[in-house]
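need a 3D model of the sequence below.
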Amino acid sequence: MRENLGSMKIFEGISEQDLETLLQCLRAFERRCRKGEVILKEGEPTEWLGVVLSGRAIIASDDVWGNHSILGSAPPGAVFAEAYACIPGEPLRITVSAAEDTEVLFLNAGKAAASCSCACPFHARLVQNLLSVCARKSLELSRRILHTSSKSIRGRLLSYFSECAKKSGSCSFRVPYSRQQLADYLSVDRSAMCSELSKMQKDGLIRYSRNDITILAAHML
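Sure thing, here's the model as predicted:
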């Protein structure tokens, strides 16, 4: 899967030849995970940040009462655990698991953050790209806060669907979560959310089939 690395945001602007040298510097290694397998476990520190090569990972968190929250989805090219990996000894407050069969490339964060002895320009480019990735992740978390700010389930669904439509540039899009995962992401009860989806379809707001959603009354968003 390494032939596609150059198209990923974290490696943007780095030539194929330089990328091979960089991966050796960062002690990179690949790991294949089956659907449902835990990739990184909450409570354990890590010095490795992950880059999804194929498949999809889910980032989640559980509180002391057992409430499960989905914080985000990591498709191919996405980076995860970068903030924790950059703080030595910091225990993870998230669990990363494979939503489907997934291949991950791990990079040593300490090696990424440290200045290269050769002052390689592509190493500096990696740091710039990583900062950009972190900024985007911060915005994604801000969007989740916005989606869950409504007191009603419909309000949360409409906020999330609006964001999906804007991101895809179309009123028809695919949600990257299962029903349970979407409910966890929006912090609502699954059964109540499914009931609300049916009501929204009946009211002519949306049409859906499995994970495919079409907004029928975009002016109401």
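
for Asp18, see how far away the closest residue in space to Pro75 that isn't next to it in sequence is.
Spatially, and ignoring its direct neighbours in sequence, Pro75 is nearest to Arg56 (5.3 Å; CB to CB, 6 or more residues apart in numbering). For glycine as for every other residue, the C-beta is placed from the backbone atoms N, C-alpha and C. Applying CB to CB, to the nearest Å, the value for Arg56 to Asp18 is 28 Å.

what do you get for Ser178?
Distance from Ser178 to Asp18, by CB to CB: 39 Å.

just the buried residues of the lowest-mean-pLDDT helix or strand in the chain, please?
None of the helices or strands of the chain scores lower by mean pLDDT, DSSP states H and E than helix 109-113, at a mean of 83. Across helix 109-113, burial judged by 16 or more other CB atoms under 10 Å covers 109, 111-112.

next one: stretch 65-80
Neighbour counts over stretch 65-80 (16+ other CB under 10 Å) mark 69-74, 76-80 as buried.

tell me which stretches of this structure form helices.
Per DSSP state H, the chain carries helices over the ranges 16-25, 82-85, 109-113, 121-147, 153-168, 179-186, 190-202.

quick check: mean pLDDT of the first one?
Summarised as a single mean, pLDDT over helix 16-25 is 89.

same check, this time on the second one
Helix 82-85 carries an average pLDDT of 92.

who touches that helix?
Applying CB atoms under 8 Å, 6 or more residues apart in numbering, the contact partners of helix 82-85 are 45-49, 90-94, 109, 130, 133-134, 137.

out of those residues, who's the most crowded?
Leu49 (24 neighbours; other CB atoms under 10 Å).

still on that earlier bit, just the ones of the buried residues of stretch 65-80 in strands?
69-74, 79-80 (DSSP state E).

ok, of those residues, which one's closest to Gly6?
Of all these, Val79 has the smallest distance to Gly6: 15.3 Å, by CB to CB.

what about the closest residue to the closest one other than its chain neighbours, distance to Gly36?
Spatially, and ignoring its direct neighbours in sequence, Val79 is nearest to Val133 (5.0 Å; CB to CB, 6+ apart). Distance, Val133 to Gly36, by CB to CB: 26 Å.
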